[in-house]
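Visitor: with the input below, show me the fold.
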Amino acid sequence: MRLHGKTALITGAAHGIGRATAELFCREGAAVLLVDLDEAHGTQLAARLTADGHRAAFCRADVSVAADCEAMVDAAERHFGGLHVLFNNAGIMDSRDGDAVATDEAVWDATLAINAKSVFLGCKFGIPALLRAGGGSVINTASFVALMGAATPQVAYTASKGAVLALSRELAVIHARQGVRVNALCPGPLRTELLMKFLDTEAKKQRRLVHIPMGRFGEATEMAAAALYLASDESSYLTGQEFVVDGGITRAYVTPDSPA
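Guide: Purely as a prediction, here's the structure:
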């Protein structure tokens, strides 16, 4: 098993990428602390994983609050004796997020708090725990839009994911010689509840799909498989990277010299 003997903390673990990753990490031998605001689904998932013979526990936390992030890291160490993988995955996508003129300041603030500040706070408290365990892997969920921009305007979301990329690069350099790797997972458009609520019309869906060479949305399980690679020792020489898993979309945008 690729994560035997390791403990992982996953935020946003009750749904989507986080849920699929928690299930996969458990199957690969990790002890997993599931973190989410959704206590009902989070505790249900932890109970099912435990019933299946895995080591899993749930911790309710608002990842935009420092005290909650400190508590979740403490919980991982308390439950499982250490922390080796930190997956800062929690995020939101507000349907009111549009262009700079239309987007309300409150939408901007909430999006940056959950998508970017949470990564800072997760690392603030999580990296010392990784160091106490002798090193490990930090995975931060960014997005292809941080590299390319979005076809459907969503400036707060795009800016927040750009912040995740910049933070990941800097932390990777800072901690490389301490045995802590930091990488950003950049999913393409996924068939998850989060994105489908944002792409709430067929026209919006097609505006995304037309750019994807594979012609389909990705699946949460495909992102979980990418996270497994970044969490495992197989990626031991990989740090400071944007790990893009996007069905080819970042290679398909029309350039100024290309035909429309």
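Visitor: so how far is the helix or strand hosting Ala172 from its chain's centroid?
Guide: Following DSSP states H and E, one finds Ala172 within helix 155-175. For helix 155-175, the separation from the chain centroid amounts to 12 Å (computed by Cα atoms, centre = their mean, to the nearest Å).
Visitor: neighbouring contacts of that helix?
Guide: Contacts to helix 155-175, defined as Cβ atoms under 8 Å, 6 or more residues apart in numbering, come from residues 88, 91, 93-94, 97-100, 103, 107-108, 111-112, 114-116, 119-120, 123, 127, 138, 140-143, 145-147, 149-150, 181-184, 186, 239-242. Yep, even glycine has a C-beta here, placed from its N, CA and C like the rest.
Visitor: got the contact list for stretch 104-114?
Guide: 63-64, 90-94, 96-97, 155-157, 159-160, 163.
Visitor: could you rerun that using 7 Å?
Guide: 63-64, 90-92, 94, 96-97, 156-157, 160 (Cβ atoms under 7 Å, 6 or more residues apart in numbering).
Visitor: follow-up on the earlier one: now the angle between helix 155-175 and the helix or strand just after the helix holding Ala172, please.
Guide: Going down the chain from helix 155-175, the next helix or strand is strand 180-187, by DSSP H and E. Going by axes from the mean of the first three to the mean of the last three Cα atoms, to 10 degrees, strand 180-187 is angled at 160 degrees with respect to helix 155-175.
Visitor: and the next helix or strand after strand 180-187, what's its mean pLDDT?
Guide: The helix or strand immediately downstream of strand 180-187 is helix 193-198, counting by DSSP H and E. Across helix 193-198, the average pLDDT comes to 77.
Visitor: would you indicate which residues of helix 193-198 are buried?
Guide: For helix 193-198, burial by neighbour count (16 or more other Cβ atoms under 10 Å) applies to 195, 198.
Visitor: and the next helix or strand after that helix, what's its mean pLDDT?
Guide: The helix or strand immediately downstream of helix 193-198 is helix 202-209, counting by DSSP H and E. In this model, helix 202-209 has a mean pLDDT of 81.
Visitor: name the residues that touch helix 202-209?
Guide: Residues contacting helix 202-209 (Cβ under 7 Å, 6+ apart): 151-152, 189, 199, 215.
Visitor: just give me the closest of those residues to Asp38.
Guide: Nearest to Asp38, judged by Cβ to Cβ, of the contacts of helix 202-209 is Leu199 at 21.6 Å.
Visitor: what's the neighbour count on the spatially closest residue to Val119 that is not a sequence neighbour?
Guide: Spatially, and ignoring its direct neighbours in sequence, Val119 is nearest to Asn88 (4.5 Å; Cβ to Cβ, 6 or more residues apart in numbering). By other Cβ atoms under 10 Å, the residues close to Asn88 number 32.
Visitor: got phi/psi on Asn88?
Guide: Note on Asn88: its backbone torsions stand at phi -80, psi 90 [degrees, to the nearest 10].
Visitor: pretty sure it contacts Asn140?
Guide: Yes: here Asn88 reaches Asn140: they are 4.7 Å apart, a contact under Cβ atoms under 7 Å.
Visitor: now do the shared contacts for those two.
Guide: Shared contacts of Asn88 and Asn140, counting by Cβ under 7 Å, 6+ apart, come down to Val119.
Visitor: circling back: average model confidence for the helix holding Ala172?
Guide: pLDDT averaged over helix 155-175 gives 98.
Visitor: again, but for stretch 84-97
Guide: pLDDT averaged over stretch 84-97 gives 96.
Visitor: ok, now which ones touch the residue nearest to Val119?
Guide: By Cβ under 7 Å, 6+ apart, the neighbours of Asn88 are 11, 118-119, 122, 140-141.
Visitor: now, those that are in strands?
Guide: Of these, the ones assigned to strands by DSSP state E are 11, 140-141.
Visitor: got a winner among these for most neighbours?
Guide: Thr11 (29 neighbours).
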